[in-house]
Structure formats: structure tokens, C-alpha cells
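In: Sequence plus the predicted model coming up.
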Amino acid sequence: MPKRNKPDPHEPLKISLNEVQQSMINHLIFSVGKDPITATDRDWFFTLARVVRERLIERWMATMRRYYNNDVKRVYYLSMEFLIGRSLINGMLNIGFANEVRQGCVDAGIEMDKVKEMEFDAALGNGGLGRLAACFLDSMATLGLAGYGMGIRYEYGMFNQKIENGWQVEHPDNWLRYGNPWEFARPEVLYPVKFHGRVVQYSDENGKLHAHWIDTDDVMAMAYDTPIPGYGLKTVNNMRLWSAKATRDFDLKYFNEGNYIKAVQDKNESENLSKVLYPDDTTTMGRKLRIKQQYFFVSASLQDILFRFLKYHDSFDQLPEKVAVQLNDTHPAIAIPEMMRLLVDIHQLDWAKAWSISTRTFAYTNHTLMPEALEVWPVALFESILPRHLQIIYDINQNFLSEVMHHFPGDNELLKRMSIIDEDYGRRIRMAHLAIVGSHHVNGVAKLHSELMRTTLFADFDRCCPGKFINITNGITQRLWLNQVNPGLSKLISSRIGSGWITDLSKLRELSKFADDDNFQAEFRAVKRANKVYLANLTKERLGFEINPDSIFDVQVKRIHEYKRQLLNLLHVITLYNHIRSDPSPKIFPRTVIISGKAAPGYAIAKLIIKLVNNVADIVNNDPAVRGLLKLVFIPNYDVTTAGDIIPAADLSQQISTAGTEASGTGNMKLALNGALTIGTLDGANIEIMEEVGADNIFIFGLDTQEAAARKYKGYNPSDIYKGNTELKTAIDMISSGYFSSERADLFRPIVDSLTLGGDNYLLLADYADYIATQSRVETLYRDQKQWTRRAILNVAGMGKFSSDRTIKEYAEMIWGANPVSE
């Protein structure tokens, strides 16, 4: 392969069309081993991936050298999820040679749009948590921070969702089927991870107590590295994912005896640890695997972090000044006792010094306010898997409660509430309490969420540890969620204010002056309609279903969960359907309601909601009386790529969770950034979006957090609302009577009972009337396209705050104490 001049890592890459074309041919022949005559779309994908990758590698190596040479503070972001999505187009845009690659494809007779579809989404996440982690990696690289993602290389990612007879059916997501051109296996980066066994304690000649964890079952963690490019490619950071490997491939003794299944049993059991994202934890076996997965990646990551630190430092005294570890939710909270085990048991530090170092190194991000969503593990189960760590947790808890007791003597109820060990429900470890006690800062992810953390869920901790709890509102990377997924709008914005917004989203505020400009409005509407036509064509091609691009695209895309209230959306659809059927000439603007999202495999009621969506769609879409005025479509297998197809086409963004339940939400940010108006409650980041875009440019409805709490406190009776609202009662009765389930009339009875008899935990009926009225206001405004477009432009202009770049800058300043690394 011809040699290329090594680029100066301080200068932007300048890559000519001729260089791209030559690189394409070289990689097709010498890397993929194909002739252009026989090359398939997949061959060309792997070719283009290598064209991109070789540019990334040069800057990747230069970045790593810069970090070592400057002995910089490194940030390690520990997360069970990284929802990276696809990397080809992202890499091309960040390098800055997307146009040259596309032209190279045209000249070679290759259809770029077909080639990019050959890439599998790296669906190593469940939803917002994993996508947030991926956005953060992008921002850390773009800002020049020494940031590393640490997680698990799941062989099977989030399941592929298919809809069969209206039901969600989960299929394996074998995303590695054809290989992953972006990763680099590191067989030399291998750490042992221990499970089970027993602990032997003894005192040395100085009376110091030592612990040895012996007779363990060991698994090896092997690293796979993926370069994460920042925009402009000045910095390329690293995401390191761990894959489980057996300590031996097979037992020769059993093999020689002819017992081939037993011979490989240990290997298979070991490697199951990194097999599947989020095993079903409704069974004991699933819970064991979940704990093992969490400890597996945490132990490997911390061993790796300390190994790297000790290469250039003689003691651990400087660890908090050189290392920051961020725990993304409670899943990696086992890192706290693991750090103590490594420092005390392996490196022989005394407890007090080790605890000081550890607590100054860790910080914890909380992502939920719902007590039932906070991780707890039965002590007996935890002890059987990690006996040494349980001892360490007991010691942490004892020391912590002793401190609390000294500050608040005699308050035994306080000690009980704050204990890491919950004694009320069969002795369980509260992982959120462990994360709080072991971290120097705890942050919420939206103003409301952080305030509620301090005043409700963790009020005792805030009282005992003033200043520990802070807010850092979530953000999204505009490089993906605008520049990549919506090239038409990106080009339009840059034509008026330049392209600086790609790295400084606050510049979008300059768009405000074009909100009333007739020419800009016309171009803005043309971009939106083109995106709607594109989605309509995709829907017809993949689902055989036609939708009208001139209708309101009313979009709700998110994980299916009761608190996110897809059911409230459905009640509106049924109400609209009834209006159309009862009025021979309804004054209703055509509307297409689009719902997409996955339900957790073990979440029965969420899966039943998906079935209801599809059954309602079947009736509404095929009733000639509707006359095309209303369509309901469920788009299956929601992932990063599907989000990129739907979000730019949305007119209306549904963010309708019960006030006080959504920590932040980032779908609200993505949709508003792409010119959708929000209909939502005063929940999560909706409040801050309203503050930024203006209350006149968002549709707010429903109870706020205080009103919702008061309604429940006073004794909420949903059946009174059900009986008192004719439209609501009609809609619910249609669901319960079998109108949408002719195959079985009582199919949806659990849903109806949860609303009318089960207490309506998420206050759907309480918010129904205001929601319906607000949806009517949406329709009225949409008829005035000039005013709608004006408000849509102001939404885009007001989204500067919600860049993950701003979020990461706040983490760096307020928590990590990390600075960008100059070149």
C-alpha cells in the first residue's frame, strides 16, 4: 500500500478526493480482499470503515501520547451502557471529509445510502442512559478532555424488536455477526475477576488485620478498544469495553473421557458474563448474572485504571488529583468496595487513607426518583457472589453510621433510613446509598430532579452532607442529533449564522432574528416537509403503510413504561377517533400519531401497551369513516438509527410523563433541536426547555409536581374522574369491552384495571381533560403555519443550553477538576 505523509496532529486533516479514491481502492483490495467487480455493499462498508479508521488511528495515537507526556488528569466514565449507534457517518463528519467520501462513492458507482445501511447499530444500551453516555464521550473528545468510557462488550446488544400479531417479540441482536471494524482487540490487556470463594482473615505481627479472598472462581476480562473522535479530530479518545474469557478453554480430562459438554462447560459459563445486555432479573439466575456483570466490568476497569496510574506514579497519594471516576447510575456502584479491596487488600494501604483516596476519586450520577427503580441486592445473594465486598460494605456502613450518630445523637430512625443495609425487607444492600456514601459529589440531571433528590428521596443525606448534592442538567451532542441526522436543517442554519454552532450550540440563539423572516420560514418548512416525506417513504417501504406527509406528525419515541404515559397518548387517539366517527364533517386537521419504543422483556404491562397500540392502529387505520384524518403507526425496533429517521420529521414532541417521575429526558431536547414543538408536563428537563424557548412556544399541561403529590396525599380516586368525563369513559370502555380486541374481549382488562381500580398511579385520568384541551390548541396553532413555523424556529434557537458540551464542561469544573489538554 502506498505510504502517506504522516499528518501534523496540530493541524486539521486536509484530505483530497484523489486521496480518498486511492485509499478506497487500496483498502478494498488489500484489507477486504475484494475486486471492485465483485464487491458487495457490505464489502464497500468495510472498505469505507477502514478509510475512516486509518485517519482516526493517527490522531488517536497522538492523543494518547499527549496525555502521557503531560501526565493529565483522566476521567473514567463507568457505565453499563454505551448506545453508540453507527460510526461510519459520524467518523466522516468529525474528520471533515464526508463530501469527499460521498463523491468518491459516486465516482466509483457506489450507492452511499445503501452502503451505510450495512452497518449494525452498536446497541449496547437500553435507552436514554446509554445514549447519554455516548453523547458524553463525543463531548469529552470534542472539548479535548482526557475521557475514557469503560463498559462491557456485549456479544448481543439490546434485543431486536419485531411485532408479531401486534405483540412485541424479542430476537437476538447479533451486532457482531459480520465483525466490528471500529474495535481493536487487546489480548495483552487481561485482568482476572474473582467470584464466590471465601475470606480468610488474620492479624500480622503488628496487629493489623488482613483479608485474603481464596478458593474463588476466576474469569478473565479482555479489553477491546474503540476510538472516539472529537469534532475536527484534534482529539480522539478511547472507549474500552471488556469481554469475558475463560481461564482455560476446556478441561482436557473431561475431553479425553469423551464428555465434550462438560469439557467446555466452564468456558461457556465464564463467557456468558458478556454475552447479553441486561439479562432478565426476575429470576434468581438472572439476578446473579446481573451482579456478576456489574462487578466484572467494574473490577477490570479499576485494575486497569490503577495499573495505568502506577506506571507513572510511585504512590496512591496523587490518585484523586490524576483520576476521576464517574459512576453512571448505581450499576457500577460496586466500584466503591472494589476500590477499597484493591487499595487495602492488594496494595496494603491502611483503611483510613484508602477511604480518603477512594471518596475523593468517585462521583455518582443519579438518574431516577422512583424508589422501586433504585437497585437493591439481597445480602445473602450478594454474599454468595462477592463475600469480601460484603465485609467491606459492612465496614463502610458502620463507619458512616458512626459519623451520623455523632452529628445527630439519639436519632435511631435517621440511622435506619440512611443505612446502606435495609433491614426492613429481608436485609438488602441499597446501592444508591453506597454510591452516595462513597462519592464526593452526587448530581441530578435536571433542576427539578436535583431539587427533588435533595428534598425527598435523599433528604437525610443532603441534611448530613451539605454541598454534596448538585445539579448538572443533561445534554445531547449536536454533532449527531442535528448535524448528522438532519443535514437539510444543518445546512439551512449554517447558511444564516455559519457553522460555529457545531461546537458552540449557544450560537443557535442568533436564529431568533430569522423567526419572522418569510424566506427563512419557507426554507424551514421545506426542510421539515422533505424529512416527513423521507419518513413516509421509509414507513411505506418497511411496514407497507402509507402516511400523509402533510398531516401533523405527532411523535412519542421512548422506552415503553407506564410513567412515560403512552396510554395517555392512546386515550387521545381514541378520543379523536370517536370525534371523527360521530361527526360527518369534522373540523379536524389530519394527524399521524407515531409511537416507537421497546418494552423490557419482563415488563408485562408495557408489552400489553404495545399490543394495544397496534390493535388500536389496526381499527383506526382501516375504518373508512376516518377518511384519512387520523393515522396511528407503531415503528418497531427503536434504536439510534431509527431515532435519526423519525426525529427530524416530527412536528409535535410528546413529553407527557407524570410530573416528578422523569429525571430529565433527552428525547425532548433532540426533538426540539430539530424544530418540533413540545407538548409536555412540568417534569424533568421540560421545565428548563420552557425557560429557554419561552412559555408561549411550548404546550404545557397537567398537574405539576406539588399538585400531583397533593392529589395523591388527599386521596386520589380515579373512578370519580372516569365516571364524570363522558369522553374519557367512552374511550376506556371501548378498551375494556373488546372493541380493539375482538379475539379476546378481556385482553386489555389489566390496563383498564390499573387506571380505574388500581389507583392510576401515574395520574393519567387526572391529566386527561387538560391534555385533550391542550392537543386542541396544538391543532389550532398548526393551522396557522406562519405562527407554527415561527415558534418552531424559536425552539431551535433556544436549545443552546442543552448541548452535552455544556454538560461536560460543568462536570469538568464542578466535579472532576479536569481541564482540556492543550496540544
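Out: On my side now, so go ahead. Numbers count the residues shown, from 1 in each chain.

In: my guess is residue 789 meets residue 525, correct?
Out: Yes - if you go by Cβ atoms under 8 Å, residue 789 and residue 525 touch, sitting 5.6 Å apart. Just so you know, the C-beta spots here come from the backbone N, C-alpha and C atoms, and that holds for glycine as well.

In: Can you pick out the residue with more neighbours from the two?
Out: Between residue 789 and residue 525, counted using other Cβ atoms under 10 Å, residue 789 has the larger neighbour count: 20 against 16.

In: give the contact list for the residue lying closest to that one once chain neighbours are set aside.
Out: Spatial nearest neighbour of residue 789, chain neighbours left out: residue 521 (4.6 Å); criterion: Cβ to Cβ, 6 or more residues apart in numbering. Residue 521 sits next to 515, 786, 789, 790, 793 when contact means Cβ atoms under 8 Å, 6 or more residues apart in numbering.

In: And those, which of them are buried?
Out: For the contacts of residue 521, a burial check counting by 16 or more other Cβ atoms under 10 Å picks out 515, 789, 790, 793.

In: Could you check which helix or strand contains the second one?
Out: It stands for residue 789. Here residue 789 sits within helix 785-797, counting by DSSP states H and E.

In: Name the next helix or strand downstream of that helix, please.
Out: helix 804-811.

In: how far does that next one sit from the chain's center?
Out: Distance, stretch centre to chain centre, for helix 804-811: 16 Å (Cα atoms, centre = their mean, to the nearest Å).

In: what does it contact?
Out: The contact list for helix 804-811 (Cβ under 8 Å, 6+ apart) reads 75, 132, 135-136, 138-140, 142-143, 145, 147, 326, 443, 472-478, 503-506, 800.

In: switch to 7 Å and redo it
Out: 135-136, 138-140, 142-143, 145, 472-477, 505 (Cβ atoms under 7 Å, 6 or more residues apart in numbering).

In: Then stretch 163-170?
Out: 159, 161, 162, 599, 601, 607, 610, 611, 614, 615, 634, 636.

In: these two touch, right, residue 146 and residue 819?
Out: No - at 9.2 Å, residue 146 does not count as touching residue 819 under the criterion of Cβ atoms under 7 Å.

In: what's the helix or strand for the residue nearest to residue 528 when sequence neighbours are not counted?
Out: Spatial nearest neighbour of residue 528, chain neighbours left out: residue 675 (6.0 Å); criterion: Cβ to Cβ, 6+ apart. Using DSSP H and E, residue 675 sits within no helix or strand.

In: number of nearby residues for residue 675?
Out: 28.

In: quick one: it and residue 694, what's the gap?
Out: Distance of residue 675 to residue 694, given as Cβ to Cβ, to the nearest Å: 15 Å.

In: Ok, residue 639 next?
Out: 33 Å.

In: okay, the two: which has more neighbours?
Out: Under the neighbour definition other Cβ under 10 Å, residue 639 and residue 694 were set side by side, and residue 639 has more, 24 against 14.

In: give the contact list for the residue nearest to that one when sequence neighbours are not counted.
Out: Nearest residue to residue 639 in three dimensions, chain neighbours excluded: residue 121, at 4.7 Å (Cβ to Cβ, 6+ apart). Contacts for residue 121 (Cβ under 7 Å, 6+ apart) come out as 85, 86, 175, 639, 640, 641.

In: quick one: which of those sit in helices?
Out: 640, 641 (DSSP state H).

In: Redo the contacts of residue 121 as CSV? Include pLDDT.
Out: Below are the contacts of residue 121 laid out as CSV (pLDDT from 0 to 100):
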residue, pLDDT
85, 93
86, 95
175, 92
639, 94
640, 95
641, 95
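
In: With distance to residue 431 as added columns, please give the contacts of residue 121 in JSON lines.
Out: Below are those laid out as JSON lines (distance: Cβ to Cβ, whole Å):
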{"residue": "85", "distance to residue 431": "28"}
{"residue": "86", "distance to residue 431": "32"}
{"residue": "175", "distance to residue 431": "28"}
{"residue": "639", "distance to residue 431": "28"}
{"residue": "640", "distance to residue 431": "28"}
{"residue": "641", "distance to residue 431": "32"}
